[in-house]
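>>> Below are the sequence and a predicted model for it; my questions follow.
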Amino acid sequence: MHSSFALVQTGSADVVWAKARAAGEIRAAVDALDDAGAALRGLAVDTRWRSGGVTALRETLADVGRRVGVETAGARDREAEVARIDAT
């Protein structure tokens, strides 16, 4: 997934504010994804003992954890895109 941020040329202060706001929102999303990933890793470790239901749960947690990692990487890419925006 690739996205591009386009800022309307309205004035330097507006662009700086928009960039700061976008960076803050993306940082909050990355932090939430990091927290979710850590919680999922903890749950996976806590369910190491074996049984049919727990094994299925553990596999699901591992899958969701991998998907959270992909989303986190994407959010970090967006964060880097915002950082590269020239607000002058």
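That came through fine.
>>> ok, now how distant is G65 from V16?
Distance of G65 to V16, given as CB to CB, to the nearest Å: 36 Å. Where you see a C-beta, it was placed from the backbone N, CA and C, and this is true even at glycine.
>>> Those two: which has the busier surroundings?
Between G65 and V16, counted using other CB atoms under 10 Å, the more crowded position is G65 (17 against 14).
>>> Give the full set of residues in contact with the residue lying closest to that one once chain neighbours are set aside.
Leaving out its chain neighbours, the residue that sits closest to G65 by CB to CB, 6 or more residues apart in numbering is L40, at 4.0 Å. Residues in contact with L40 (CB atoms under 8 Å, 6 or more residues apart in numbering) are L61, A62, V64, G65, V68.
>>> Could you name the helices and strands sitting against whichever helix or strand R66 is part of?
Element membership of R66, judged by DSSP states H and E, is helix 52-84. Under the contact criterion of 3 or more CB pairs under 8 Å, 6 or more residues apart in numbering; DSSP states H and E, helix 52-84 touches helix 12-46.
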